[in-house]
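Trainee: need a 3D model of the following:
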Amino acid sequence: MRNCMTLALVLLLCITAAAPSRAGLYPFKAETYRLDNGMEVVLIKYGHDGVMMDFLAFDVGMKSEKKPDEIEYTHLMEHLMFRDSKNYSVEKVDEYYSRYGVYSQGFTESDYTCYYRIFPRDAFNRLSEIMADKLVNLNVPDDQYRAETGAVLGEYLAHYRTPLSMLDSRLYQIAYSVHPYRDMPEHLDTLKKMPENRERVMSFYRDYYKPNHCRLVVAGDFDEKATREIISRNYGPLKPGKALPEIPAEPAQQAERKSEIQYPGKTSAYLQISYHIPGYDPKNMEVPAIDLIRDLYFSESSSLYRRLVYQQKLVTSFSIPGGCSTRDPGLFTSLLKLRSRDDIGKVREIFFSEVDTMRNSLCNSAKLDGIREKRRFRTLTNMDSLNRIAFMFATPYFLSGNPQAVNLYYQSYFKVTPEVIRAAAAKYLTEKNRTVITLVEGKDAHE
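Mentor: Below is the predicted model of the structure:
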């Protein structure tokens with residue numbers, strides 16, 4: 001019995017020592033350094049199977065575009081970077097990717113554009129050569145350029161007349177007045193002019209798609225010395241570009257903003273309610289507090305959700321708000337699909353009464369602890385593959401520019417008290433800070 005108790009104690013101590021602490025939830029060491037040209041590099045070692053993953057992210061997103069003349073330039077550049085460069089044609093790259101089984105993707109966000117690949121370790125040198133060449137020698141033939149402008153326009157046309165897209169576009173037209181997160185009524189007209197704006201688009205590329213605006217994350221099973229040499233050889237000679245455009249700060253909203261959309265077709269009625277919230281900053285306690293407000297007060301277990309969806313059956317679909325997911329102050333948006341347009345007033349009344357409760361009452365401490373523990377264990381159990389481990393690090397890093405962002409966020413997350421949550425709700429979930437948009441069927445929808 002004594003030996004069994006001793007063994008159990010040893011096992012418990014081992015498990016406790018191996019488990020990441022709340023202060024350091026992300027257990028993988030991130031080696032960070034900077035090349036002379038300004039490119040920041042992060043190396044994260046994981047695994048023993050010879051598989052690697054790299055991210056190349058530029059601090060160039062939709063907010064870098066000078067509106068109304070530059071709209072979706074970063075989206076178009078995401079497409080063009082998969083086209084020809086001086087030394088690597090699309091066919092040549094595809095042949096190499098097929099031979100080594102490389103998985104390659106890209107995406108554009110409001111604050112950055114990212115390209116990522118998963119590949120065997122032996123392919124890293126050539127893949128670095130390919131990407132470095134695209135940063136200097138992008139050489140897209142006119143037919144390819146026009147094809148990609150058509151693709152960008154086609155993606156927009158595929159959804160811009162849907163109710164959800166019209167709501168989203170209207171929101172970003174009226175919730176922002178000067179910040180380039182703002183959408184423009186000229187959006188479609190500007191997209192249609194893209195084929196004739198080739199030189200302006202390529203000037204955008206030559207100015208900003210440079211190493212001083214770039215972050216490279218390499219994760220997986222690699223030899224650190226060899227990897228550093230490959231990075232230095234391929235990316236080190238690249239020249240820095242111009243400074244990114246200055247971003248005007250959005251002034252604080254002073255009164256509620258409202259709008260109604262008369263939809264030219266059959267549709268359910270929608271109510272969209274948004275509040276301005278701070279940008280992503282892992283050191284700001286309000287950021288995890290807003291995430292917890294979402295989980296406490298807007299999830300399927302919340303009083304608001306139960307009243308609208310289950311008890312009074314006024315809402316058939318409730319899109320739960322996201323958290324602080326932009327570098328600059330963003331929006332905390334709820335989208336509600338109603339059973340009847342006649343219930344818009346009643347739904348709005350219930351929504352705002354529940355928000356008043358959030359602003360004036362302390363949350364249940366036991367429920368708060370339960371949500372955080374569930375998040376903690378879900379985060380730990382999700383770290384089971386190279387892809388998830390790399391993205392878990394990369395997303396907060398690219399948003400904040402801080403390689404310690406993921407652990408800094410969780411340090412704040414577990415310190416948030418009910419008083420901090422109430423203070424954040426009282427500060428941001430206010431009438432003057434919100435934008436309310438309704439969408440209903442237009443009078444001529446049945447004609």
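Trainee: now do the SS call for the residue at minimal distance from the centre of the chain.
Mentor: By C-alpha atoms, centre = their mean, the chain has its centre lying nearest to Ser325, at 5.4 Å. Recorded secondary structure, Ser325: coil (DSSP: H, G, I helix; E, B strand; the rest coil).
Trainee: how far away is it from Leu331?
Mentor: 9 Å (C-beta to C-beta, to the nearest Å). In this view, the C-beta of every residue, glycine as well, is placed from N, C-alpha and C.
Trainee: now Asp343
Mentor: 24 Å.
Trainee: name the nearest residue to Arg422, sequence neighbours excluded.
Mentor: What sits nearest to Arg422 in space, not counting adjacent residues and going by C-beta to C-beta, 6 or more residues apart in numbering, is Leu362, at 5.7 Å.
Trainee: same question for Phe119.
Mentor: Nearest to Phe119 is Val102, by C-beta to C-beta, 6+ apart, at 4.4 Å.
Trainee: touching, the one you found and Tyr96? I think so.
Mentor: Yes: judged on C-beta atoms under 8 Å, Val102 makes contact with Tyr96 at a distance of 7.3 Å.
Trainee: for the two, list the residues in contact with both.
Mentor: Shared contacts of Val102 and Tyr96 (C-beta atoms under 8 Å, 6 or more residues apart in numbering): Ala123.
Trainee: list the contacts for the residue nearest to Phe119?
Mentor: Val102 touches 96, 117-119, 123, 127, counting by C-beta under 8 Å, 6+ apart.
Trainee: of all pairs in the residues you listed, which one is the farthest apart?
Mentor: Tyr96 and Ile118 (14.4 Å; C-beta to C-beta).
Trainee: one step back: from the contacts of Val102, which land in strands?
Mentor: 117-119 (DSSP state E).
Trainee: most neighbours, which of those residues?
Mentor: Phe119 (22 neighbours; other C-beta atoms under 10 Å).
Trainee: okay, that residue: pLDDT?
Mentor: Predicted confidence (pLDDT) for Phe119: 98.
Trainee: same question for the one 10 residues further on.
Mentor: What the model reports for Glu129 is a pLDDT of 98.
Trainee: residues near it, how many?
Mentor: Counted with other C-beta under 10 Å, Glu129 comes out at 17.
Trainee: roughly how far apart are it and Glu349?
Mentor: Taking C-beta to C-beta, one finds Glu129 at 61 Å from Glu349.
Trainee: and if you look at Ala390?
Mentor: 45 Å.
Trainee: between those two, which is the more surrounded one?
Mentor: The residue with more neighbours, out of Ala390 and Glu349, is Ala390; 23 against 11, by other C-beta under 10 Å.
Trainee: report the contact partners of the closest residue to that one other than its chain neighbours.
Mentor: Spatial nearest neighbour of Ala390, chain neighbours left out: Ala219 (4.2 Å); criterion: C-beta to C-beta, 6+ apart. Contacts of Ala219 were listed using C-beta under 8 Å, 6+ apart, and they are 43-46, 52-54, 386, 389-390, 393.
Trainee: now with 7 Å?
Mentor: 44, 46, 52-53, 386, 389-390 (C-beta atoms under 7 Å, 6 or more residues apart in numbering).
Trainee: confirm it sits in a strand?
Mentor: Yes: under three-state DSSP, Ala219 falls within a strand.
Trainee: beta partners of it?
Mentor: As for beta bridges, Ala219 partners with Ile44, Met53 under DSSP bridges.
Trainee: and what of Ile273?
Mentor: Ser334, Val436.
Trainee: cool, Ser317 as well?
Mentor: Under the criterion used (DSSP bridges), Ser317 bridges to Lys337.
Trainee: so what pLDDT did the residue nearest to Ala255 when sequence neighbours are not counted get?
Mentor: Excluding the flanking residues, the one nearest Ala255 by C-beta to C-beta, 6+ apart is Lys432, at 5.3 Å. As predicted, Lys432 sits at a pLDDT of 98.
Trainee: and the gap between Lys432 and Gln173?
Mentor: 19 Å.
Trainee: now do the closest residue in space to Leu25 that isn't next to it in sequence against Asp223, distance only.
Mentor: Counting by C-beta to C-beta, 6+ apart, Leu25 lies nearest to Tyr410, which is 4.3 Å off, once chain neighbours are set aside. Here Tyr410 is placed at a distance of 30 Å from Asp223 (C-beta to C-beta).
Trainee: looking at the two, which has the bigger crowd around it?
Mentor: Neighbours per residue (other C-beta under 10 Å) separate Tyr410 from Asp223, with Tyr410 holding more: 24 against 12.
Trainee: what's the following helix or strand after the helix or strand containing that one?
Mentor: In this assignment (DSSP states H and E), Tyr410 forms part of helix 405-413. Where DSSP H and E defines the elements, the next helix or strand beyond helix 405-413 is helix 418-428.
Trainee: report all helices and strands that that next one contacts.
Mentor: strand 269-277, helix 286-297, helix 344-360 (3 or more C-beta pairs under 7 Å, 6 or more residues apart in numbering; DSSP states H and E).
Trainee: any chance of JSON lines for the ones you listed, columns mean pLDDT and distance to His213?
Mentor: Shown next, in JSON lines, are those (pLDDT from 0 to 100; distance: least, C-beta to C-beta, whole Å):
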{"stretch": "strand 269-277", "mean pLDDT": "98", "distance to His213": "26"}
{"stretch": "helix 286-297", "mean pLDDT": "97", "distance to His213": "24"}
{"stretch": "helix 344-360", "mean pLDDT": "98", "distance to His213": "39"}
